[in-house]
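**Q** Have a look at this prediction, sequence included:
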Amino acid sequence: MGRVVVDVMPKPEILDPQGKAVANALPRLGFTQFSSVRQGKRFELEVDGPVTEEILAAAREAGEKVLSNPVIEDVVAVYEEQS
């Protein structure tokens, strides 16, 4: 059994209130190394059998058509998760 990961992030020009809230909280909790945060989504798609190039292409298409809102989000990564 294989697993494909699709990462989706807000487009750079879109405001990210959740990321901003996390960025504001980090210094209060002692994490001063980070200057900004963007929060996205991660989808894990399991397949029966090995992950092929065709499956990765289908996962990217699903990410662009179903898993993301293409008006405000970008699919930034599609890859096989190694166990």
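**A** Perfect, I can see it now. Residues are numbered from 1 along each chain as shown.

**Q** residues making contact with the longest helix along the chain?
**A** Of all the elements of type helix in the chain, the one with the most residues (DSSP state H) is helix 17-28. By Cβ atoms under 8 Å, 6 or more residues apart in numbering, the surrounding residues in contact with helix 17-28 are P10, T32, F34, S35, S36, V37, R38, Q39. To be clear about C-beta, it is placed using only N, CA and C from the backbone, and glycine gets the same treatment.

**Q** cool, and stretch 53-68?
**A** When contacts are defined by Cβ under 8 Å, 6+ apart, stretch 53-68 is touched by residues 2, 4, 6, 8, 41, 43, 45, 47, 70, 74-75, 78-80.

**Q** Can you select the buried ones from those in PyMOL?
**A** PyMOL command restricting those to the buried ones, with burial defined by 16 or more other Cβ atoms under 10 Å:
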select buried, resi 2+4+6+8+43+45+74+75+78+80
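
**Q** Quick check: mean pLDDT of the following helix or strand past the longest helix of the chain?
**A** If you walk from helix 17-28 toward the C-terminus, the next helix or strand you reach (DSSP states H and E) is strand 41-47. Mean pLDDT, computed over strand 41-47, is 98.

**Q** Can you tell me which helices and strands strand 41-47 packs against?
**A** Helices and strands touching strand 41-47, as assessed by 3 or more Cβ pairs under 8 Å, 6 or more residues apart in numbering; DSSP states H and E, comprise strand 2-10, helix 53-62.
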